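Peer 1: sequence and computational prediction follow.
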Amino acid sequence: MLDIKNKLVKISVLTTLVASSAAAHFQMLYTPETALEKGKKIELKHVFTHPFADEHTMDMAGVEEFYVINKEKKTDLLTTLKEITFKGNHNSGKAYESEYKAQRMGDHLFVMVPKPYFEKNEDAYIQQITKTIVNVAGTPSDWDAELNLKAEIVPLTKPYAIWEGGSFTGIVKSNGKPVPYAEIEVEYLNREVDMKQNKMGASLVEAPQDSFVTMGIKANKDGEFTFSIPKAGFWGFCALGVGSDTNYQGKELSQDAVIWIQAKPMK
């Protein structure tokens, strides 16, 4: 019981500390299509940005880990990363790109652990451990794997097989243990990503009020949450400050869990 109380206190402190800056920060691990008919080489963009408003593109501090899991086999992809400059609608920032041969059937579960980003306005660090899952040929394999990450959202819904108007359910975990009442930020990727020019396009929708830009939800006592998907496209879910690491280089650290899902229009 004491461990749960300590976890709740830690989340409350970290959320208060970095909420104003971290709420709209999302680490992207982006590829245009997550449900492939057959295997092929895919491109990925790794950008730290504000997906809906595109108000600022942050300079990534680097990457600690980048790997993929397919049928329980882990492959290190850190050496495939290439540094790029990615242009948002307001500024450009340091980002990365990579290529991967998604040839084998099943799920390809990408995980990226960026180096902590220093948010000057809050005098604190942010580290978002990010997952994106690509499927080949409709055969499921690893999409619901629990990786015991320091901060993780484990999907209970296939992240690549969701209709517009459907829903996504996940469990927020830290080192394999559910995080009760975790604070979760949700944002829509409100831009077309130009993969060749490394830049964001024009906005797709307009928010009626600021609270619709970054939507806030909470997990239940078991760390579970469900969110209804109102529009096709990419949606990011970020569980704030749920990781086990709380300090970095003598300053507060918000270690977040991020997962991206893609919803499809029903035509």
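Peer 2: Received, thanks.
Peer 1: Gly138: neighbour count?
Peer 2: Gly138 has 12 neighbours, counted by other C-beta atoms under 10 Å. Glycine gets a C-beta too; all of them are placed from N, C-alpha and C.
Peer 1: should've said Gly250
Peer 2: With other C-beta under 10 Å as criterion, Gly250 counts 6.
Peer 1: again with Lys94
Peer 2: Lys94: 16 surrounding residues under other C-beta under 10 Å.
Peer 1: the one 5 residues further on now?
Peer 2: Other residues within reach of Glu99 by the criterion other C-beta under 10 Å amount to 13.
Peer 1: a strand runs through it, doesn't it?
Peer 2: Yes. Applying DSSP: H, G, I helix; E, B strand; the rest coil, one finds Glu99 inside a strand.
Peer 1: residues contacting it?
Peer 2: Residues in contact with Glu99 (C-beta atoms under 8 Å, 6 or more residues apart in numbering) are 41-44, 80.
Peer 1: identify the bridge partners of it.
Peer 2: Glu43 (DSSP bridges).
Peer 1: what separation do you get for it and Lys40?
Peer 2: Relative to Lys40, Glu99 is positioned 11 Å away (C-beta to C-beta, to the nearest Å).
Peer 1: go on, Pro32?
Peer 2: 12 Å.
Peer 1: and what of Asp123?
Peer 2: Taken as C-beta to C-beta, the span from Asp123 to Lys40 is 45 Å.
Peer 1: with Leu253 instead?
Peer 2: Leu253 sits 38 Å away from Lys40, going by C-beta to C-beta.
Peer 1: neighbour count: those two, which is higher?
Peer 2: Neighbours were counted for Leu253 and for Lys40 using other C-beta under 10 Å; Leu253 has more, 20 against 12.
Peer 1: which residue packs closest to the more buried one, ignoring adjacent ones?
Peer 2: Tyr125 (4.5 Å; C-beta to C-beta, 6 or more residues apart in numbering).
Peer 1: beta-bridge partners for the one you found, please?
Peer 2: Applying DSSP bridges, one finds that Tyr125 bridges with Phe118, Leu253.
Peer 1: can you get me a residue count around it?
Peer 2: Tyr125, neighbours per other C-beta under 10 Å, totals 23.
Peer 1: hmm, it is touching Gln249, no?
Peer 2: Yes. Taking C-beta atoms under 8 Å as the definition, Tyr125 is a contact partner of Gln249 at 7.3 Å.
Peer 1: between these two, which contacts overlap?
Peer 2: Pro116.
Peer 1: how about low-confidence regions in the chain?
Peer 2: Along the chain, the model assigns pLDDT under 70 to residues 1-23.
Peer 1: circling back: are any of the contacts of Glu99 buried, and which?
Peer 2: Buried by 16 or more other C-beta atoms under 10 Å: 42, 44, out of the contacts of Glu99.
Peer 1: same list (the contacts of Glu99) but as JSON lines, adding distance to Asn89.
Peer 2: Formatted as JSON lines, those follow (distance: C-beta to C-beta, whole Å):
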{"residue": "Lys41", "distance to Asn89": "29"}
{"residue": "Ile42", "distance to Asn89": "25"}
{"residue": "Glu43", "distance to Asn89": "21"}
{"residue": "Leu44", "distance to Asn89": "21"}
{"residue": "Thr80", "distance to Asn89": "28"}
